[in-house]
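# coordinates for the following, if possible.
(chains A and B)
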2 protein chains.
Amino acid sequence: MAMTEVDVVVVGAGFAGLAAARDLVAARRSVAVVEARDRVGGRVRNESIGPDKVVEVGGQWVGPTQDHVLALAKDLGVETFPTYDTGARVLHFGGKRGTYKGTIPRINPLVIADVGRAQARLESLAKKVPLDAPWTAARAEAWDAVTFETWLRRNTLTKAGRLLLALGVEAVFACEPGDVSLLHVLFYAHSAGSFQMAIDTGGGAQQDRFVGGSQLLCDKMAEALGPEVVALEAPVRRIDVTGDVTTVVSDNGTWRCRRVIVSVPPMLAGRIDYQPLLPPWRSQLTQRTPMGSVIKCNAIYDEPFWRAEGLSGQATGDGAGARVVFDNSPPDGSPGILLGFLEGDEARRLGRAGPDVRRQAVLDSFVRYFGKRAAHPVDFVELDWQAEPWSGGCYGTLFGPNVWTRYGHALREPVGPVHWAGTETASVWSGYMDGAVASGRRAAAEVLATLG
Amino acid sequence: MAMTEVDVVVVGAGFAGLAAARDLVAARRSVAVVEARDRVGGRVRNESIGPDKVVEVGGQWVGPTQDHVLALAKDLGVETFPTYDTGARVLHFGGKRGTYKGTIPRINPLVIADVGRAQARLESLAKKVPLDAPWTAARAEAWDAVTFETWLRRNTLTKAGRLLLALGVEAVFACEPGDVSLLHVLFYAHSAGSFQMAIDTGGGAQQDRFVGGSQLLCDKMAEALGPEVVALEAPVRRIDVTGDVTTVVSDNGTWRCRRVIVSVPPMLAGRIDYQPLLPPWRSQLTQRTPMGSVIKCNAIYDEPFWRAEGLSGQATGDGAGARVVFDNSPPDGSPGILLGFLEGDEARRLGRAGPDVRRQAVLDSFVRYFGKRAAHPVDFVELDWQAEPWSGGCYGTLFGPNVWTRYGHALREPVGPVHWAGTETASVWSGYMDGAVASGRRAAAEVLATLG
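Predicted structure coming up:
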């Protein structure tokens, strides 16, 4: 295979890698972006559902304060439009269905008060976590030694309150409260501004969507870089540093370069063979950074029938199937699409159950929220991110107990000519597309500063 | 490279892989054992310190009820001898040094009572964890959602009691109490018989040693298999299943076979490229099974000077450096060797500090336990297992919260022709050499049952 020489190799063509490559090319550096998949986008993906219509089966939303990805969209000429949020929301909880407007459901006021008090405490603790170095928080050791489940049990008085907050964790992290440390939840909330920002539609992380789907941004970045820069179907297997020359070996080409930016999640970065070996703390970090568990399911209907009934399409529930649901129709409302998330334990259970059982479970939950019309979609487009070898899971990396405090220092620290990007390495909006873009730009700046 | 055809390929030449290969060969099956390192033994390793003298820098002890490894040693003609355990032990705790005989140190009786009560509770809970399926324990969900640190804080009354139990966790798991779930600690204790069995010298897991060092057993197994069976320096990169034929691709040879036994830790098994892909739950398991953090340090002296002073060489402390120390001299007591463990946070801290700082910290701790003569060894032989790419850490795999309950089912379940061995897959003495041998034999029996 041909050996190509460039200034910088970027491993991974998601938002982080492509944003890095963009800045490097703008600074007149030669770059190769080397991607394992047969497409760019990483954890975002458009699926075609007809002429000029797509449904997103990966990351999709954008919201206020996500300035990096919004500026990028503006540069690329990609418009946003508001997530459909008109009408009442559905809550199916404890076997009962109810609808409500605004953000506070009509349930037992004691439960509302319980959730409100616990969340207020959470928000206040989150502000105390330094975003650049969560392990330096005054109480970092104590917060990292317990699971979020432990904190939740100590800080709620009602079972229903605990369950509602657990639903919030499932929605934001695609895991159960016992999967992550309290410190991680606090960091993540602070990184998004607040836990409320991470959960909200209007004013929060789910406020807007991209016209044409989120992958369009990555497609446009890749197109501008050109096919001679972006190599697809080229999983990187080895990074070999010998003196001033670094060799990046993939299944579909080998590159020689001066610097490397690895923009894949830490877990996948850990599966590359480095010569010389990375420091033990970096290796042990990558053993401790599993990906979340989510299956994203879109049921497609002739029309968004719930809208005519005064419903926003947003629903939450504590039963089987999709526990978090959104109207995911295209900007013109045609076709109507309900997006249901299987997250944490439901993703694990229904991932093993197979596609037929899964589809039925999701549609059954849609019927509970929106009535019988939901039972008969014209199409059903899902993606089990647990089964994606080049992500390993979604939305992002879960930090269990004692990982941030023991290994956080190794997350972003370059090792010789190897720099680290990816949304996990971002301080602000870590885990989101915005954090990915920011991380790529930060890594590109690091690299540019080292190139003579 | 030549393509070799065998009935079974075994990946990894540690105790598990070699024990599997032994049984397969005894059943007249053709086998290849494919090992990444340039030696057999995996997490056990002999280091030569002169003619016919070795010091063990990996797993080394054996104790009562470890019937699998003891039977193997008998077969191979390897003798055992008792760990030196004559004289008083040293405890350096809260800035004070004391010596004691028996198992209970002379410290505040309230602390002794505190530790005793907490440990009794632990032992009683441990008995309730089914060894073949820890996730089926009646309280598995609750026990798995909290860290052992959380349990420790709830079940001890004194700080000193908590610290002593934390030292026990460091010694047994090479991690901190916040790194693992309560369920994992309970499983592990039950798997060893009891937590006390895991900690004890006489009557416990540290009772005896192998004459010639533990690696001798692996060397003898490999020798009997022959060099045409055991391939070294052959890291396995890909396992490709096509119909009835499975191809195992390494850096140093390719094999075609009917069945594969992967005997490396789950984390390393997860870094092999499988075609077709493994099920998502197996992949997510291997993302959640990091290895422990330990550096094993042996200081070598002309003679075991502590023995003449009535000391056993066993010491425990809560300060910097080695917190768990043993007399690790050869059977004839010459030279004298003190073995100090750096575990959990101390392994992480002193792993980063570099060899000079590390050696000094260990010797300083030895001086606190045994006086000034300990400051001047004639040699110092250490191994940082965190830096070993083909182990990733030691002693074994750490199961953090929600791993056993969500992914335990995938630990041992074969995937097509691929079977799983390794001490992590053992029910009894999981994490020990004994569990490794048992797991290899169990996997060999699985495979033999499938071969016509």
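# can you give me the helices for the stretch 351-452 of chain A?
Residue ranges of the helices in the stretch 351-452 of chain A, as given by DSSP state H, counting those that start in this stretch, are A:355-370, A:404-407, A:433-450.
# measure the nearest residue to A:L277 once chain neighbours are set aside to A:P290 for me?
Nearest-residue entry for A:L277: B:P389, 5.7 Å, with adjacent residues in sequence omitted and distances by CB to CB, 6 or more residues apart in numbering or on different chains. Where C-beta positions appear, they are placed from N, C-alpha and C, glycine not excepted. Computed as CB to CB, to the nearest Å, the B:P389 to A:P290 distance reads 20 Å.
# same question for A:D302.
40 Å.
# what do you get for A:A436?
A:A436 is 18 Å from A:P290, by CB to CB.
# the more surrounded of those two?
A:A436 (35 against 29; other CB atoms under 10 Å in any protein chain shown).
# tell me the centre residue of chain A?
A:Y395 (3.3 Å; CA atoms, centre = their mean).
# what's that residue in contact with, if anything?
A:R43, A:G59, A:F173, A:A174, A:G292, A:V294, A:G431 (CB atoms under 8 Å, 6 or more residues apart in numbering or on different chains).
# the fourth one - how many residues pack around it?
It refers to A:A174. A:A174 has 28 nearby residues by other CB under 10 Å.
# grab the nearest non-local neighbour of it.
Closest to A:A174 by CB to CB, 6+ apart is A:G292, at 3.4 Å.
# next: the second one.
In space, A:G59 comes closest to A:V44 once its chain neighbours are excluded; the distance is 4.5 Å by CB to CB, 6+ apart.
# how about the residues of the stretch 351-452 of chain A by chain B?
A:G351, A:R352, A:D384, A:Q386, A:A387, A:P389, A:G392, A:G393, A:G400, A:P401, A:N402, A:R406 (CB under 8 Å from any CB of the partner chain).
# what sits against the fourth one?
So the one you mean is A:Q386. Contacts of A:Q386 by CB under 8 Å, 6+ apart are A:291, A:293-295, A:347-348, A:351, A:392-393, B:280-281, B:283-284.
# so what's it closest to, chain neighbours aside?
Excluding its sequence neighbours, the residue lying closest to A:Q386 (CB to CB, 6+ apart) is B:P280, at 3.7 Å.
# pLDDT at the one you found, what is it?
pLDDT recorded at B:P280 is 97.
# and it, how many neighbours does it have?
The burial count assigned to B:P280 is 23, neighbours taken as other CB under 10 Å.
# any idea how chain A splits into domains?
A:3-42+A:214-290+A:399-450, A:46-66+A:79-85+A:206-211+A:292-387, A:109-195 (automatic domain parsing).
# please enumerate the strands of the stretch 201-350 of chain A.
A:208-210, A:230-231, A:236-242, A:245-250, A:253-257, A:259-262, A:273-275, A:294-301, A:311-317, A:324-327, A:336-343 (DSSP state E, counting those that start in this stretch).
# redo these as TSV? Include mean pLDDT, mean neighbour count and distance to chain B.
Formatted as TSV, the strands of the stretch 201-350 of chain A follow (pLDDT from 0 to 100; neighbours: other CB atoms under 10 Å in any protein chain shown; distance: least, CB to the nearest CB, whole Å):
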stretch	mean pLDDT	mean neighbour count	distance to chain B
strand A:208-210	98	23	27
strand A:230-231	98	21	18
strand A:236-242	98	18	8
strand A:245-250	98	20	12
strand A:253-257	98	20	16
strand A:259-262	98	28	15
strand A:273-275	97	17	8
strand A:294-301	98	24	9
strand A:311-317	97	23	21
strand A:324-327	98	24	19
strand A:336-343	98	26	12
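# which of the ones you listed sits closest to A:R162?
Of all these, strand A:311-317 sits nearest to A:R162, with 14.8 Å by CB to CB.
# give me the residue from the stretch 301-450 of chain A nearest chain B.
Nearest residue of the stretch 301-450 of chain A to chain B, counting by CB to the nearest CB: A:Q386, 3.7 Å away.
# next one: that residue from A:G351, what distance?
5 Å.
# give me the common contacts of these two.
Common neighbours of A:Q386 and A:G351 (criterion: CB under 8 Å, 6+ apart): A:S293, A:I295, B:P280, B:W281.
# isn't the first one right up against A:R349?
No: with contact defined as CB atoms under 8 Å, A:S293 does not count as touching A:R349 (9.8 Å).
# how about the residues of the stretch 51-200 of chain A near chain B?
A:D144, A:A145, A:V146, A:T147, A:E149, A:T150, A:C175, A:E176, A:P177, A:G178, A:D179.
# quick one: which of those is nearest B:S214?
Looking across these and measuring by CB to CB, the closest to B:S214 is A:A145, at 33.6 Å.
# got phi/psi on the nearest residue to A:G178 once chain neighbours are set aside?
Once flanking residues are discounted, A:G178 sits nearest to B:A145: 3.5 Å by CB to CB, 6+ apart. With angles defined as degrees, to the nearest 10, B:A145 sits at phi -90, psi 0.
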